[in-house]
Every structure is written in structure tokens, then in C-alpha cells.
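Q: give me a 3D structure for the following:
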Amino acid sequence: MVRRLLSGLFLLLGSVPLVATGLAQLNDPTPPQFSTPDESTASFRATQTIKGVISGIHHDAKSLSVVDEEDGESRAFFFISKPKIKAKGSVKKALGKKRVEWTDLQDGYRVKITFVENTREIHEIKALEIKKQE
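A: Numbers count the residues shown, from 1 in each chain. From the prediction side, this is the model:
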């Protein structure tokens, strides 16, 4: 009889903190916050890629123009934060450098540009070939 009384008492005392915690969670007045995504908070940005030849580059203004290989149309691009700059081995060898920088790019270079579709901000530039100026 004493055992049943003690086990009942322990069961009752052990469950009191669990019930109190559960009741405290039910009284939480803060509802969950949901926000609607917009352009500035989106977790991804739609990008597009273009191949062409640099027709005008402005190192100080952080912008360049590229003539598209597909349709021959000139397109302007810019960047705010420094984009990734890559180069094929032949370009690095021609420049005598292991790493190609923004200031190394010149008019006439054949490039592949990945950019944000709606703003034309450059995400990545890859120098494919140095074309000879005629």
C-alpha cells in the first residue's frame, strides 16, 4: 500500500513541471511572423549568361558594353560589388598572370558574362579569348 502511495506521489510530482511548461507555451501571445518575399529579400536571383566581345569598358565607372555573339546587339552591364573574374588558361598565359583582375580586361576581349536578369548587374565575368585589334 505504501509503495502504491509513493509511486502515485512521484508520478504526480514528476508530471507537474511538464504540465506547467505546456501551459506556459499555450499562453504565448506572440503569433508567428510571416513576411512576403520581394526583390531585395529573395533567396535567389534570376541570372542570365551572354557571350560576346567587349566593345567599351570603363574601369572607374565599373561598367562595360558587350556585343552579343548571337544577335550582334550591344548591351551595357555594371557592378556594385566586385564580381567573380575568371579566365581561360590561354588568356592567363597571354597576359602572363595567374589571376586576371578587372583592370586587366580590355576592349576586344571575348567574354562570357553572368548577370542578374532584371538589373544587368554583373555576377561573374570569364575571359575566353583575347581578340587581336585590327
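Q: who's in contact with the longest strand seen in the chain?
A: Ranked by number of residues, the top strand in the chain under DSSP state E is strand 47-58. For strand 47-58, contacts defined as Cβ atoms under 8 Å, 6 or more residues apart in numbering pick out 63-70, 74-75, 105-117, 123, 128, 131. Backbone N, C-alpha and C define where each C-beta goes, glycine included.
Q: torsion angles phi and psi at Arg75?
A: Backbone torsions for Arg75, taken as degrees, to the nearest 10, come to phi -130, psi 140.
Q: how much space separates it from Ser90?
A: For Arg75, the distance to Ser90 (Cβ to Cβ, to the nearest Å) stands at 25 Å.
Q: how much space is there between Ser90 and Lys131?
A: 12 Å.
Q: pLDDT below threshold where in this protein?
A: For the chain, the stretches flagged by pLDDT under 70 are 2, 5-44, 132-134.
Q: what segments of it are strands?
A: 47-58, 63-68, 74-78, 84-87, 109-116, 122-130.
Q: buried set for the last one?
A: Same thing as strand 122-130. Across strand 122-130, burial judged by 16 or more other Cβ atoms under 10 Å covers Ile122, His123, Ile125, Lys126, Ala127, Leu128, Ile130.
Q: kindly reformat those residues as TSV containing distance to Val53.
A: Below are these laid out as TSV (distance: Cβ to Cβ, whole Å):
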residue	distance to Val53
Ile122	16
His123	19
Ile125	13
Lys126	13
Ala127	11
Leu128	10
Ile130	10
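Q: and the furthest pair within those residues?
A: His123 and Ile130 (22.3 Å; Cβ to Cβ).
Q: nice, that's everything, thank you.
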